[in-house]
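S.K.: here is my input, please return the structure:
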Amino acid sequence: MMEEMARVIACDNQGWLTVEVQLKSSCKSCNNGDSCGTSAVAQAFSGKTQQFAIYSERPCQPGELLKLGLPERTLLKAAALMYLMPLLGIFIGATFGQWLGSLLAWDSDMGAILFAPLGAFASWFAGRHYLKRLEADAQPVILAYLGMGVSLQSAD
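M.R.: Numbers count the residues shown, from 1 in each chain. Here you go, the predicted structure:
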């Protein structure tokens, strides 16, 4: 299970919490930040947050920290839909274009070249549709209630 820390932003009377998750960059694992181009790009996009609603069985206060979990299976399905579906579409489109080209007495390679991007686009579009359905079904769960966060503001 993938785990992430979230901060409660708001709580309503029906048990729904609005939480905020700090989006992490892909590069925070080494100390070569000064000489690494990936680190420079990651710092440019750091500080981004995502807010969403989640149901809680107990009331929470704004500022409280939660540990959320999302099954890896959901992430693997999403990655397969966005990366493998277009690849499969390229092969299906190229095969169809080659078959259609030979059937209509075209250059079969030209048919494969023309239909491969169409197959990739069609399968990417279908994958996006299924990804939206997967996202709607993939609700994170609260693994732990961690209490109030520590504020790092200076007292002047």
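
S.K.: what's the pLDDT at the residue located most distally from the centre of the chain?
M.R.: Ranking residues of the chain by C-alpha distance from their mean position (Cα atoms, centre = their mean) puts Ala105 at the top, at 44.2 Å. According to the prediction, Ala105 has pLDDT 85.

S.K.: got it, and Asn31?
M.R.: The per-residue pLDDT reported for Asn31 equals 56.

S.K.: do Ser26 as well
M.R.: 56.

S.K.: now for the helix or strand containing Thr95, which elements pack on it?
M.R.: Here Thr95 sits within helix 85-103, counting by DSSP states H and E. In terms of contacts (3 or more Cβ pairs under 8 Å, 6 or more residues apart in numbering; DSSP states H and E), helix 85-103 is packed against helix 108-137. Where C-beta positions appear, they are placed from N, C-alpha and C, glycine not excepted.

S.K.: now the next helix or strand after the helix it packs on: mean pLDDT?
M.R.: On the C-terminal side of helix 108-137, the nearest following helix or strand under DSSP H and E is strand 141-148. Confidence over strand 141-148, taken as the mean pLDDT, stands at 83.

S.K.: what's strand 141-148 in contact with?
M.R.: Contacts made with strand 141-148 from outside it, assessed by Cβ atoms under 8 Å, 6 or more residues apart in numbering, are listed as 1, 3, 5, 54, 56, 58, 60-61, 63-70.

S.K.: just the buried ones from these?
M.R.: Restricting these to buried positions leaves Ile54, Ser56, Cys60, Glu64, Leu65, Leu66, Leu68, with burial counted as 16 or more other Cβ atoms under 10 Å.

S.K.: so what's Gln98 scoring on pLDDT?
M.R.: In the predicted model, Gln98 carries a pLDDT score of 94.

S.K.: so who does it touch?
M.R.: Contact criterion Cβ under 8 Å, 6+ apart gives Ser108, Asp109, Gly111, Ala112, Phe115 as the residues in contact with Gln98.

S.K.: which of the contacts of strand 141-148 lies closest to Leu131?
M.R.: Using Cβ to Cβ, Leu70 is the member of these that sits closest to Leu131, with 14.5 Å.
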